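[1] Here's my sequence, what's the structure:
(one chain, ligands or ions: 5)
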Amino acid sequence: MSSSPSLIFALLVLISAVATVSPVAATDHIVGANRGWNPGINYTLWANNHTFYVGDLISFRYQKTQYNVFEVNQTGYDNCTTEGAVGNWSSGKDFVPLNKAKRYYFICGNGQCFNGMKVSVLVHPLPPPPTAAKHSKLDSAAHIVSHWGLWSLMVSYALIWFGFGSF
Ligand SMILES: *[C@@H]1O[C@H](CO)[C@@H](O)[C@H](O)[C@H]1NC(C)=O
Ligand SMILES: *[C@@H]1O[C@H](CO)[C@@H](O)[C@H](O)[C@H]1NC(C)=O
Ligand SMILES: *[C@@H]1O[C@H](CO)[C@@H](O)[C@H](O)[C@H]1NC(C)=O
Ligand SMILES: *[C@@H]1O[C@H](CO)[C@@H](O)[C@H](O)[C@H]1NC(C)=O
Ligand SMILES: *[C@@H]1O[C@H](CO)[C@@H](O)[C@H](O)[C@H]1NC(C)=O
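    Numbers count the residues shown, from 1 in each chain. Ligands and ions are numbered 1, 2, ... in the order given. This is a model prediction of the structure:
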């Protein structure tokens, strides 16, 4: 029983540490949404409707016996050629990580690029955390102080509750 206050304290510290880290969710951008990766779709319209950030995924869903995916450069995209391709996928459900802030180019390598199976996406650097953008330095300092003030209050209560108050 004597070890439980320090255990509780460790748990509180852990919980507060986890709660302080704001999660940044990576988005999976499904090319063509429910129409998938197929001929006759204007993927420029699809791409214009999405914002891509570093760490996001782009995924291609298609009939693997008919189509595939090549990552190419701008020349490959403009001319529908896979020469010098940087990557290729053919599982029918391909997840491609967008790890760099740059423009990516993907085409289908079996001639269907000429029927619209090409997509280019501009990947942006991660935006700054919303709190840093919205609050002044003074505001966030006050925020941190009240945040830790609340925690130390709770920790004090926990210590008193679990017997430290008797010292
Ligand atoms: C796709 O849509 C874009 C934006 O409206 C347009 O500029 C482009 O010409 C279209 N592409 C095709 C192949 O129709
Ligand atoms: C753009 O996104 C909206 C909301 O997700 C959707 O309703 C609309 O159909 C999309 N338009 C295109 C061209 O993908
Ligand atoms: C791309 O195609 C254009 C015209 O279709 C041609 O002039 C150009 O040389 C081609 N570029 C490459 C790198 O093949
Ligand atoms: C794309 O790659 C091809 C083949 O490696 C190369 O000839 C061409 O110059 C490259 N184009 C660009 C815009 O980098
Ligand atoms: C596809 O990628 C693999 C490596 O992942 C490479 O060995 C192969 O040559 C590529 N295929 C084509 C057709 O570019």
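
[2] close to ligand 1, is stretch 94-108?
    No: Stretch 94-108 is not in contact with ligand 1 by CB under 6 Å from any ligand atom; minimum separation 13.2 Å. Yep, even glycine has a C-beta here, placed from its N, CA and C like the rest.

[3] May I see the buried residues of that stretch?
    Asp94, Val96, Leu98, Tyr104, Tyr105, Phe106, Ile107, Cys108 (16 or more other CB atoms under 10 Å).

[4] Return the list of helices and strands in contact with the top strand by length along the chain.
    If you go by DSSP state E, the chain has its longest strand at strand 118-124. Packing partners of strand 118-124 (3 or more CB pairs under 8 Å, 6 or more residues apart in numbering; DSSP states H and E): helix 43-48, strand 52-53, strand 103-107.

[5] could you point out which element follows the second one?
    This points to strand 52-53. For strand 52-53, the following helix or strand on the C-terminal side (DSSP states H and E) is strand 57-61.

[6] what's that next one packed up against?
    Using 3+ CB pairs under 8 Å, 6+ apart: strand 57-61 touches strand 28-30, strand 93-97, strand 103-107.

[7] Just the mean pLDDT for it, thanks.
    In this model, strand 57-61 carries a mean pLDDT of 98.

[8] mind listing what's buried in that strand?
    Leu57, Ile58, Ser59, Phe60, Arg61.

[9] what is the third one paired to in the beta sheet?
    Going back to what we said before, that points to Ser59. Beta bridges link Ser59 to Ile30, Phe95, judged by DSSP bridges.

[10] measure it to Asn73 for me?
    21 Å (CB to CB, to the nearest Å).
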